[in-house]
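A.B. asks: Just to be clear, the model below is a prediction. Sequence and coordinates:
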Amino acid sequence: MASRRKTKRNQSAQLSEPSGLAIELRDIRRVYGRGDAAVHALRGVTLALPRGSFTAVMGPSGSGKSTFLQCAAGLDRPTSGEVLLGGEPITKLSENRLTQLRRSRIGFVFQSFNLLPSLTVQQNVLLPLRLAGERPDRRRAAALLAQVGLEGHGRRRPGQLSGGQQQRVAIARALITDPEVIFADEPTGALDTGTARDVLGLLRQAVDAAGATVVMVSHDPTAASYADRVLFLADGSLAGELHRPDPQTIADRMVALTAQAGRGGQVSAAA
């Protein structure tokens with residue numbers, strides 16, 4: 001695992017100086033539409049996320065959380081500003097290069113699991129390697145499935161698994177390429193409380209035991225409390241952060257942000 005990550009970082013170093021940061025956003029702005037109909041989804045977001053960290057991103061509806069994730073992960077291009085992955089600027093890469101980068105250096109976990117029903121569990125886990133043109137490593141897939149509590153489930157189909165088990169498969173799939181960053185979009189939104197706790201524990205373990213970097217968008221204060229750092233967005237801008245907070249502190253901050261958004265005001269980043 002560590003050797004694969006080291007190789008990728010060496011490849012990145014050919015294009016840029018080595019960085020201790022997993023992701024950097026520099027004055028990222030994203031505007032949809034023009035003129036009076038323009039929607040400013042992100043308004044100059046600047047931040048740096050260290051390698052081996054777990055960051056949660058929260059905010060009221062319409063605050064820019066999804067746009068933040070899409071721009072940071074190279075799924076959407078910002079209107080202006082720059083995104084760096086491991087010190088390498090990715091904003092102006094071609095679509096083909098961005099696709100290659102997402103397949104080999106970024107992992108994704110979605111609320112809806114996004115597993116292919118026609119493939120077995122093992123084939124779903126191995127899919128990112130196949131798409132990246134790498135040889136499928138079945139031993140590694142089996143080891144990851146055991147790591148997420150699904151040993152012996154490799155030949156089953158996703159439809160034969162519970163929602164929680166499918167999300168565990170999705171986490172194994174996200175880890176198979178040993179990505180520099182895992183982006184998780186509401187990964188527990190479709191799960192019950194107990195299963196959600198197990199899934200969050202797996203993401204936490206990926207950071208603590210494997211040195212992964214996780215960036216998670218969530219609306220759930222309990223889920224966000226698993227992170228080292230919770231960032232808050234409001235009206236497309238950063239509106240503060242908390243370090244290792246408990247769920248109640250997060251919930252209180254969200255209530256304040258939502259109330260402020262309802263009044264049409266802006267919240268200071270120091271709030």
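C.D. replies: Alright, I've got the coordinates.

A.B. asks: which residues does residue 182 form a beta bridge with?
C.D. replies: Legend: beta-bridge partners of residue 182 under DSSP bridges are residue 107, residue 214.

A.B. asks: could you measure it against residue 31, distance?
C.D. replies: 28 Å (CB to CB, to the nearest Å). Where C-beta positions appear, they are placed from N, C-alpha and C, glycine not excepted.

A.B. asks: More neighbours: these two, which one.
C.D. replies: Between residue 182 and residue 31, counting by other CB atoms under 10 Å, residue 182 is the more crowded of the two (24 against 15).

A.B. asks: isn't the more buried one right up against residue 110?
C.D. replies: No - in this structure, residue 182 is not within contact of residue 110 by CB atoms under 8 Å, at 11.4 Å.

A.B. asks: residues shared between the contacts of the two?
C.D. replies: When CB atoms under 8 Å, 6 or more residues apart in numbering defines a contact, no residue borders residue 182 and residue 110 alike.

A.B. asks: how about low-confidence regions in the protein?
C.D. replies: Confidence mapping of the chain against pLDDT under 70 gives the ranges 1-19, 264-271.

A.B. asks: Could you pick out the longest helix of it?
C.D. replies: Taking DSSP state H as the criterion, the chain has its longest helix at helix 193-210.

A.B. asks: Show me what counts as buried in that one.
C.D. replies: Across helix 193-210, burial judged by 16 or more other CB atoms under 10 Å covers 195-196, 198-200, 202-204, 206-207.

A.B. asks: Summarise which helices and strands the strand or helix carrying residue 260 is packed against.
C.D. replies: Assigned by DSSP states H and E, residue 260 belongs to helix 247-262. The contact analysis (3 or more CB pairs under 8 Å, 6 or more residues apart in numbering; DSSP states H and E) places helix 247-262 against helix 221-224, strand 229-234, strand 237-243.

A.B. asks: Can you check which of these gets nearest to residue 68?
C.D. replies: Among the helices and strands packed on helix 247-262, the nearest to residue 68 by CB to CB is strand 229-234 (6.4 Å).

A.B. asks: quick one: buried residues of that closest one?
C.D. replies: 229-234.

A.B. asks: got those residues as a markdown table, with distance to residue 93 columns?
C.D. replies: Below are these laid out as a markdown table (distance: CB to CB, whole Å):
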| residue | distance to residue 93 |
| --- | --- |
| 229 | 27 |
| 230 | 30 |
| 231 | 25 |
| 232 | 29 |
| 233 | 25 |
| 234 | 30 |
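
A.B. asks: any idea which of the residues you listed is closest to residue 241?
C.D. replies: Residue 241 has its nearest neighbour among the buried residues of strand 229-234 in residue 231, at 5.0 Å by CB to CB.

A.B. asks: so the closest one bridges to which residues?
C.D. replies: With DSSP bridges as the criterion, residue 231 is bridged to residue 57, residue 241.

A.B. asks: residues contacting residue 52?
C.D. replies: By CB under 8 Å, 6+ apart, the contact list for residue 52 reads 22, 207, 211-213.
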